[in-house]
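> when you get a sec, could you give me coordinates for this:
(one chain, ligands or ions: 1)
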Amino acid sequence: MKKPAGKTKTKILAANEPSPFKVINPTGSGSGLIICDHSSKRVPRALKGMAIKKSDLDRHIGWDIGTEDIGRHLSKVLDMPMVLAGYSRLVVDLNRAPDHAECMVEESDHTKIPANAGLSKKLKEQRLKEIFWPYHNQITKQVDRFVKKRQTPLLLAIHSFTPEMNNAKRPWHIAVLWNKQEKIAKKLITAIRKNNPGLLVGENEPYTLKNERFKGSTIWRHAEQRDLPYVFVEFRQDLVDTKEKAVQWAEMFIQALQPVFESLAAKPARCKK
Ligand SMILES: [Zn+2]
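Next comes the predicted model:
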């Protein structure tokens, strides 16, 4: 028998819940687009906190701590538009291919995620339809806006990493990742080190984009497939876990980006206070 049309039990986002993406400074005049895939720990009400403890959702498994504050500061100072995730990576990881096993994880850093256990194809597709694709379509729209103006935007992917994973301490203060865009990455790394001799900068560590997980991820999709320049940066979470600290690191990052902008012959407008 056919189910009655209208409300289906699989609908995830209620009409009064936030959009799957946020756009900040959409008409910014800077020559780049900031992207924060993991900035939110919000869970749609229908998924009941993913059936995990709130204290687990607050950990790095739920979101990239500090990235929204960093992104907002970059967006303001560089006058760039920014696309932010509306929901937690545990609902659907926007930085994976939709058919990747890690797109909706059943376990993360030793914490079981009951709301993701044994998801049917239909339930997975519903999350992609309501959250994943609207987010990525919005990024495409923002990139298209530059392309229409015959501009080449620099895509800035902002992430953060936990200082300890699987009992291993991660010593880097900041990390720069790349696949094809080695020149830009090295330019940025050189500038970070020159400006801040005490910092330990990870080069494709603790994660690398030269990995099977990269295919289908955000930067693969929106930068490498379109042959656009990009920077993929990871900040260590304990260093950016307050707004004040996040802003300080964002300032350091902006300074180190200057040679990259110069090499791309782009001149981002610095906003007046
Ligand atoms: Zn991330």
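
> can you read off the pLDDT for the closest residue to Asp64 other than its chain neighbours?
Closest residue in space to Asp64, ignoring its immediate chain neighbours: His38 at 3.7 Å, by Cβ to Cβ, 6 or more residues apart in numbering. Bear in mind the C-beta positions are built from the backbone N, C-alpha and C, glycine included. pLDDT recorded at His38 is 98.

> OK, contacts around His38?
Listed by Cβ atoms under 8 Å, 6 or more residues apart in numbering, the contact set of His38 reads Trp63, Asp64, Thr67, Ala85, Arg89, Asp93, Leu94, Asn95, His159, Ser160.

> restrict the residues you listed to those near the ion?
Asp64, His159 (Cβ under 5 Å from the ion).

> just to revisit the earlier point, need phi/psi at the residue nearest to Asp64.
As for His38, its main-chain torsions (degrees, to the nearest 10) stand at phi -120, psi 30.

> from the ion, how far off is it?
Noted for His38: a distance of 4 Å to the ion, by Cβ to the ion, to the nearest Å.

> can you check Glu102 too?
Taken as Cβ to the ion, the span from Glu102 to the ion is 12 Å.

> return stretch 164-178 as PDB; C-alpha atoms alone will do.
Extracted in PDB, the C-alpha atoms of stretch 164-178 (Å, rounded to 0.1, in the frame of the first residue of the first chain):
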ATOM      1  CA  GLU A 164      45.500  14.300  21.200                       C
ATOM      2  CA  MET A 165      44.200  11.300  19.200                       C
ATOM      3  CA  ASN A 166      44.400   7.600  20.000                       C
ATOM      4  CA  ASN A 167      46.700   8.400  22.900                       C
ATOM      5  CA  ALA A 168      49.200  10.200  20.700                       C
ATOM      6  CA  LYS A 169      50.000  13.900  21.300                       C
ATOM      7  CA  ARG A 170      50.100  16.100  18.300                       C
ATOM      8  CA  PRO A 171      52.800  18.700  18.700                       C
ATOM      9  CA  TRP A 172      52.000  20.900  15.700                       C
ATOM     10  CA  HIS A 173      50.500  24.300  16.500                       C
ATOM     11  CA  ILE A 174      49.000  24.700  13.000                       C
ATOM     12  CA  ALA A 175      49.000  22.600   9.900                       C
ATOM     13  CA  VAL A 176      48.800  23.200   6.200                       C
ATOM     14  CA  LEU A 177      47.500  20.500   3.900                       C
ATOM     15  CA  TRP A 178      47.600  20.100   0.200                       C
END
